[in-house]
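Participant: from the sequence below, what's the structure:
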Amino acid sequence: MFMQDMEWKDLANDASKLYMGTEKDGIGKFLYRLRPEVPYAQLSSHLGAIFYHSEVWKWNGQKRGMKFLLLSENWQEKNTISLSLENEGISLDMFSEYLKIETQKQEEQDETPQKIEQTKLSAFFDY
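Facilitator: Have a look, this model is predicted:
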């Protein structure tokens, strides 16, 4: 429901701002409200990359101030991510397990604002 209003949403996953409660509204902050853990909220960058490359979301092309827009309310009907993943030998169960493991690794890290690092998105967005 969060993206279905067909408006641009900020990535909004700055680790220290989430931790301090000063982050603007956006995808990361939305996830943080669901589960108030910074590593969980920072998975928004991975979601952005996945949904952008599967053509579910549009990306504004910015390195700073990233925003995303839901392309269609009927994205489930035309989405081929499960087929693409299966063709590459990756099942959705394996991908879910990967995300679970990555979340657990991040949760084990110290969450003090001085030691939190941003997830680098350059690998996902070709810059």
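Participant: going forward, measure contacts between C-alpha atoms and count neighbours the same way
Facilitator: Fine.
Participant: need the contact list for residue 70.
Facilitator: Applying Cα atoms under 8 Å, 6 or more residues apart in numbering, we find residue 70 in contact with 3, 4, 6, 7, 8, 56, 57, 58.
Participant: give me the element the nearest residue to residue 24 once chain neighbours are set aside is part of.
Facilitator: Leaving aside its sequence neighbours, residue 24 sits nearest to residue 12 (Cα to Cα, 6 or more residues apart in numbering; 6.1 Å). Taking DSSP states H and E as the definition, one finds residue 12 inside no helix or strand.
Participant: over to residue 31?
Facilitator: helix 27-34.
Participant: for whichever helix or strand comes after that helix, packing partners?
Facilitator: As assigned by DSSP H and E, the chain's next helix or strand after helix 27-34 is helix 38-41. Applying 3 or more Cα pairs under 8 Å, 6 or more residues apart in numbering; DSSP states H and E, one finds that helix 38-41 contacts helix 15-20, helix 27-34, helix 92-107.
Participant: lowest-confidence stretch among those?
Facilitator: Taking the average pLDDT of each of those, the minimum falls on helix 92-107, with a mean of 63.
Participant: out of the contacts of residue 70, which comes closest to residue 49?
Facilitator: Lowest distance from residue 49 to those (Cα to Cα) belongs to residue 57, with 9.0 Å.
Participant: so the closest one makes contact with residue 69?
Facilitator: Yes. Residue 57 is within contact range of residue 69, at 5.2 Å (criterion: Cα atoms under 8 Å).
Participant: residue ranges in the protein under the pLDDT threshold?
Facilitator: 1, 73-127 (pLDDT under 70).
Participant: run the last query once more with 50
Facilitator: Along the chain, segments meeting pLDDT under 50 span 81, 110, 112, 114.
Participant: where's residue 52 relative to residue 36, distance?
Facilitator: 25 Å (Cα to Cα, to the nearest Å).
Participant: so these two - more neighbours on which side?
Facilitator: residue 52 (19 against 14; other Cα atoms under 10 Å).
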